[in-house]
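Visitor: 3D, please:
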Amino acid sequence: MPKPADIPLHQRRDGLDPVPELSRMSTHAPLADDTGSGVHHWIATGFEEVRVILGDAERFSTKPPADSPEIAAQRVQVGNLLHYDPPEHTRLRKMLIPEFTARRMRRMEPLVEEIVAGRLDVLEGAGPPADLMRHVAWSVPGPIVCALLGIPRDDLPELMRILDVRALGNTGKKRIAARAFDKYLLGCVAHKRAAPGDDLIGMLLRTHGEELTDEELAGVASSFVAAALENTAQMLGLGTLALLQHPAQLALLRERPDLMDQAVEELLRYVAVVTLASPRTARVDVEVAGQVIKSGQTVGCSLLAANRAQAAGAPRDTLDITRENTTHMAFGHGIHFCIGALLARIQLRCAYRQLLERFPGLRLAVPPHELRFRPLTPQYGVEALPVAW
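Guide: This is a model prediction of the structure:
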């Protein structure tokens, strides 16, 4: 477990909350010089500052920063939209958007309901107490993303094992796991190119098969698998934790299930599982908040600080599921807004609703100070969430 001093200020939390220093930073220095950290030149923590930077794809690049074009090309993950700028980004996203319409995502709701119900059966059989992360949060998104991409569900355990290893530090095992993951997905694409199904990859091959390489399709699948599993799993766990730590809000949601849509948006804002957006690099000199970000300088954008800073109508760190028109950047902003946001919302609504209906006495099974958080992965999370009912 890293020490607090080893974690950059813009990533530090106290449980679910930003540390007080980060909150003060977003208020008094929403765009701060960060050259001393050796990571980025600037850190943006204010809501407007982050929104402006993430929304400006003309003057800010999302390609991984590098000292030379050759190194930059090596760092780009083929098929990962977050590594693309227009026009490459525009080309690929235009192909994907028709597969993520509201109508197509709603077709997955019965499957989501079935998977959530089955995992709650497992949770009930395992406890109380039982680990919500192990039995529910980590186990719901996998079968859903497999169905979306047309990956055999029987392959999921091995894929999860590979992803667990791939999440390790910069080790030989991580590199081997990454190669195994890429090889598996390339094999899936090759199989589907010969016999496209009705899944996402199959539909892309039917409509754009001659325009897409196997590597691009495998990269698209890779980015979806990693984001869908990690982000949704941690949001299921930390969103539940946030409700359990705010019993008045939990009681209100039980009393008024019609607030579920608002509750999901408020939990997304409050938790901010993805603490940082992908870094942006200025293409030209850009003035933001009265300061000049010079061409070639990088900016780290704290989604956690920005989401908490902009909560209008209530004290900054208050969880309020009655908040209307919640504005947040939990799914990013601008051209890189998460293309799978609707499917994530469907899973969250279904899981929270079924969980609260099934376990009316749901509570933490350990004192909050015993929970262990994962602060230095791309997604903030909790190792385990023991619950009772």
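Visitor: got the contact list for the spatially most central residue of the chain?
Guide: The residue lying closest to the centre of the chain (C-alpha atoms, centre = their mean) is N231, at 3.6 Å. Going by C-beta atoms under 8 Å, 6 or more residues apart in numbering, N231 touches V273, V274, A344, Q379. C-beta here means a position set from N, CA and C on the backbone, and glycine is covered the same way.
Visitor: The same query, at a cut-off of 10 Å, please.
Guide: By C-beta atoms under 10 Å, 6 or more residues apart in numbering, N231 lies in contact with P141, V273, V274, A330, F331, C338, G340, A344, P378, Q379, G381.
Visitor: burial of the fourth one, as a residue count?
Guide: Residues lying near A330 (other C-beta atoms under 10 Å) number 23.
Visitor: same thing with the second one?
Guide: For V273, the count of nearby residues is 23 (other C-beta under 10 Å).
Visitor: Kindly report the same for the fifth one.
Guide: Per other C-beta under 10 Å, the neighbour tally for F331 reads 18.
Visitor: and D155, what pLDDT?
Guide: Per-residue pLDDT puts D155 at 84.
Visitor: Please look at it and V145 and confirm they touch.
Guide: No - the criterion here is C-beta atoms under 10 Å, and D155 misses it with V145 at 11.7 Å.
Visitor: Among those two, which residue is more densely surrounded?
Guide: For D155 versus V145, the count of surrounding residues by other C-beta under 10 Å is larger for V145: 23 against 12.
Visitor: Leaving out the residues flanking it, which one is nearest to the more buried one?
Guide: Leaving aside its sequence neighbours, V145 sits nearest to A228 (C-beta to C-beta, 6 or more residues apart in numbering; 4.1 Å).
Visitor: Touching stretch 243-256 from outside, list them.
Guide: Stretch 243-256 has contacts (C-beta under 10 Å, 6+ apart) with 15-16, 132, 240, 242, 259-260, 262-263, 266-267, 270, 318-322, 352-353, 355-357, 360, 362-364, 368, 385, 387.
Visitor: Just the buried ones among these, please.
Guide: Buried members of those, counted by 16 or more other C-beta atoms under 10 Å: 16, 132, 240, 242, 259-260, 262-263, 266-267, 270, 319-321, 352-353, 355-356, 362, 364, 385, 387.
Visitor: what residues are up against the residue nearest to F60 when sequence neighbours are not counted?
Guide: Nearest residue to F60, sequence neighbours excluded (C-beta to C-beta, 6+ apart): R280, at 4.0 Å. R280 makes contact with 40, 42, 44, 50, 53-54, 56-57, 59-63, 65, 286, 293, 297-301, 334, 336, according to C-beta under 10 Å, 6+ apart.
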